[in-house]
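Asks: Any chance you could fold what I've pasted below:
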Amino acid sequence: MKNVLIIALREAKRFKSRFRGGSRVLILTILAISLLISYFVAQSGLTLSKGVYTIGASPYGPTIDDSRFNVIIMDNMTGYGQLGDGSIDAYVDVNTVISRSDQRSKYAVGALKQYLEKSELSRITEEYDIDRAYPLRVETHYLNVSPAGAIPVGGSLSDLIGPTVEPVTSTPQPSQQASVNPTPTSIVAPAPTKTSDGTDAAVREQVDQAMNGTQPRFKAQFVSENETIIPSLMNPPMPLSQIILAFLYIVPIFFISVFFTSSFMDEKTNRRLNILMSAPVSALDIIAGKMLPYFSFALVVIVTVTLVLNGNLPLSLAIFIPVVLFIFAIYLMVALFYRTYKDQTFFSMAAITFITGYLVFPALFADVNSLSYISPLTLAVQMYRGESFSILEYVFSTLPMYFVFLIGMYVGVRIFNEEYLMGYGPLYRKSGDAIYLSINRRHVYMSVFLLSVFLIPIVFMVELIILALATNIQQMFVMIVVLLFFCAMVEEIAKSSGIVMLLENGDVSSYRKVLVLSFISALGFWLGEKALLALSLSIMPGSALLNAMSGTADTTASPIILLVLLLLPLAAHFVFTSTVCVSTKKLGARWYFAAVMAGTLIHTLYNVYSMHSMGAF
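Replies: Modelled structure (predicted):
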């Protein structure tokens, strides 16, 4: 640990030295602008297009006084004709808006709808007293939830509320909700009748926000104690704002990760890393020591952003620490695989694209599909909505990221030698060499088994991304076949890559040993797959697709048949893996891709048959 701290202190001093002169101002300015943009977008939300539109209007239609619109008064026949030939973007015929099917016309109608809603809001506010214009008001109060958090069986509303006789609207706060069980504890009742004097100011504030085109100020919960809400002015809670707020965490972490990667690259280029490797310290000490300062900076970012947003600090740390470790693991591989700034820049941008897509897109479907839990940002969305999530959901979201970090650290230690770090080669060659170096040649069988097990989280993450992309295919049968094919290909590469690298380097020479290693790899993948499947089905129950991808089926047959059905996927994995490995042994490593395609085709046919037998299609 002493060596790690010494290297960490050295790295912190090097990091500080890079912020001298104008570079410090430039980097801090870019970071501040990124954070401000994310924050203000989260505050105000996204607006419709603000282009200039030409609108035709009937002489008897509403008055349109907005700089976005060039309004031309015309009769019906002229309006319809000019709308058809594209001279105008929309036509207002008294109280009806007519548009075309193209995007520009739709944007014009959307902007017009926004303007008319604001105009109507202004009219109501000016013509009526504030209490007559907005008579429905809801005042919120928080209930004190008991430690057990459950409503007693047969209990009533008064049992939960206690002696209070005034109806209330209750929503547990995030800190309360995290400790209660899944039994619903939210009670919604009509607001109490009261004079408007105490709520008029709150109503006027919300009217002003609506007139200015802004949303209510974001808080960790959507409503505060004793806050008055006007339902007709309240926007529904969309996850986009929370996801953008999550970027307040992610953007600084990306910056920190880039500095972490460039630090490795700088020392590799200047040969300082060779001097450090010659010191009496281990590869793990060097990697951990260089990573520790940047990890500490990331923790400071998480704590600071959470305190500024008034979020739940323990939950934020639990959600974003695995995200930080996941990002660091990927950027560690980028730093160790390549030795030029050109390669580093290209693959760093590719890593940002992959990580952003993996984290953001699933979270957009929070509360819509359980598949959204593949991203920890879904947990962040729920946290900032004041909603709870279960331990299983947390494990499902974060466990693959912890595994990716552990795998990244192990591979990093194994490939941390001068020959590999200073060598050139394409990505597939560097990846293959990394896999080969990760195998302990004195314990080949155990290494192949563990490699197959530890690659499962990565395979699972890639398969879920493939699933998210494949769902865009409209035809169900085509979507399923495409999904099963690419998932099978990813699995076959994961199971066979270690054995093929042993074949290529001459560590395996007999067909018998190839078959034994194929069975061991299939066994490791089968065991890990079943464990991960059990966790997945607890989050996404009743998924025939997941069952077929793992080769299982729901059945009430006898124990002997159940045992056969349980072992059948193991035999299938052995057939698929041995097909790839034996073909590679027979034809040579240069035919590996063709061998993978053969194993993938057999695997896909097996999965299609399994789904057909379960009646999926």
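Asks: Which residue ranges of the stretch 351-500 of the chain form helices?
Replies: Ranges of helices within the stretch 351-500 of the chain are 376-385, 391-414, 418-421, 427-438, 444-454, 456-470, 476-504, based on DSSP state H, counting those that start in this stretch.
Asks: Go through the ones you listed and pick out the most buried.
Replies: Most buried of the helices of the stretch 351-500 of the chain by mean neighbour count (mean count of other C-beta atoms under 10 Å) is helix 376-385; its value is a mean of 26. C-beta coordinates here come from the backbone N, C-alpha and C atoms, glycine included.
Asks: For that one, list the C-alpha coordinates in PDB.
Replies: Below are the C-alpha coordinates for helix 376-385, written out as PDB (Å, rounded to 0.1, in the frame of the first residue of the first chain):
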ATOM      1  CA  PRO A 376     -27.200   2.600 -13.500                       C
ATOM      2  CA  LEU A 377     -28.600   6.000 -14.700                       C
ATOM      3  CA  THR A 378     -32.000   4.400 -14.400                       C
ATOM      4  CA  LEU A 379     -31.300   4.200 -10.700                       C
ATOM      5  CA  ALA A 380     -30.200   7.800 -10.700                       C
ATOM      6  CA  VAL A 381     -33.500   8.800 -12.400                       C
ATOM      7  CA  GLN A 382     -35.400   7.000  -9.800                       C
ATOM      8  CA  MET A 383     -33.300   8.600  -7.000                       C
ATOM      9  CA  TYR A 384     -34.000  12.100  -8.200                       C
ATOM     10  CA  ARG A 385     -37.600  11.400  -8.700                       C
END
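Asks: Pop the domain breakdown of this protein in here.
Replies: 1-45+233-428, 53-127, 439-617 (automatic domain parsing).
Asks: Now distance to residue 204 and mean pLDDT too, for these, in JSON lines please.
Replies: Below are those laid out as JSON lines (distance: least, C-beta to C-beta, whole Å; pLDDT from 0 to 100):
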{"stretch": "domain 1-45+233-428", "distance to residue 204": "11", "mean pLDDT": "77"}
{"stretch": "domain 53-127", "distance to residue 204": "9", "mean pLDDT": "84"}
{"stretch": "domain 439-617", "distance to residue 204": "44", "mean pLDDT": "80"}
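Asks: Dump these into CSV; add distance to residue 201 as well.
Replies: Listed next are those as CSV, based on distance: least, C-beta to C-beta, whole Å:
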stretch, distance to residue 201
domain 1-45+233-428, 14
domain 53-127, 14
domain 439-617, 45
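Asks: contacting residues for residue 495?
Replies: By C-beta atoms under 8 Å, 6 or more residues apart in numbering, the residues touching residue 495 are 452, 518, 521, 522, 525, 573, 576, 577, 580.
Asks: re the thing from before, mind checking which of the helices of the stretch 351-500 of the chain is nearest residue 596?
Replies: Of all those, it is helix 476-504 that lies closest to residue 596, at 5.4 Å by C-beta to C-beta.
Asks: the inter-axis angle of the helix or strand following that closest one versus helix 476-504?
Replies: Moving toward the C-terminus from helix 476-504, the next helix or strand (DSSP states H and E) is helix 511-539. Interaxial angle, helix 511-539 versus helix 476-504 (axes from the mean of the first three to the mean of the last three C-alpha atoms, to 10 degrees): 140 degrees.
Asks: List the buried residues of helix 511-539.
Replies: Using 16 or more other C-beta atoms under 10 Å as the test for burial, helix 511-539 gives 513-526, 528-529, 532-533, 536, 539.
Asks: Now do residue 329 against residue 358, distance only.
Replies: Counting by C-beta to C-beta, to the nearest Å, the separation of residue 329 from residue 358 is 13 Å.
Asks: Repeat that for residue 10.
Replies: 33 Å.
Asks: and those two? which has more neighbours close in?
Replies: Set residue 10 next to residue 358 and count neighbours by other C-beta atoms under 10 Å: residue 358 wins out with 22 against 14.
Asks: my read: the more buried one touches residue 462, true?
Replies: No - the criterion here is C-beta atoms under 8 Å, and residue 358 misses it with residue 462 at 9.5 Å.
Asks: The helix ranked longest in the chain - contacts with which helices or strands?
Replies: Longest helix in the chain, counting residues (DSSP state H): helix 239-269. Helices and strands touching helix 239-269, by 3 or more C-beta pairs under 8 Å, 6 or more residues apart in numbering; DSSP states H and E, are helix 2-17, helix 22-44, helix 272-278, helix 283-308, helix 313-337, helix 341-363, helix 376-385.
Asks: Could you check the angle that helix makes with helix 376-385?
Replies: Using the same axes, to 10 degrees: helix 239-269 against helix 376-385 is 130 degrees.
Asks: Report the buried residues of helix 239-269.
Replies: Residues of helix 239-269 classed as buried by neighbour count (16+ other C-beta under 10 Å): 239, 241-265, 267-268.
Asks: surely residue 58 meets residue 95?
Replies: No - using C-beta under 8 Å, residue 58 makes no contact with residue 95, being 9.3 Å away.
Asks: Of those two, which one has the most company?
Replies: Ranked by neighbour count (other C-beta under 10 Å), residue 58 and residue 95 place residue 58 first, with 17 against 9.
Asks: and the helices and strands packed on helix 239-269 as TSV, adding distance to residue 426?
Replies: Output for those, formatted as TSV (distance: least, C-beta to C-beta, whole Å):
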stretch	distance to residue 426
helix 2-17	30
helix 22-44	32
helix 272-278	22
helix 283-308	24
helix 313-337	10
helix 341-363	10
helix 376-385	32
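Asks: closest to residue 504 out of the ones you listed?
Replies: With C-beta to C-beta as the criterion, residue 504 lies closest to helix 313-337 of those, at 18.5 Å.
Asks: Which strands or helices does the closest one pack on?
Replies: Looks like helix 313-337 contacts helix 239-269, helix 283-308, helix 341-363, helix 376-385, helix 391-414, helix 427-438 (3+ C-beta pairs under 8 Å, 6+ apart).
Asks: ok, now which ones touch the residue nearest to residue 253 when sequence neighbours are not counted?
Replies: Distance criterion C-beta to C-beta, 6 or more residues apart in numbering; nearest residue to residue 253, sequence neighbours excluded, is residue 298 at 5.2 Å. Listed by C-beta under 8 Å, 6+ apart, the contact partners of residue 298 are 252, 253, 256, 324.
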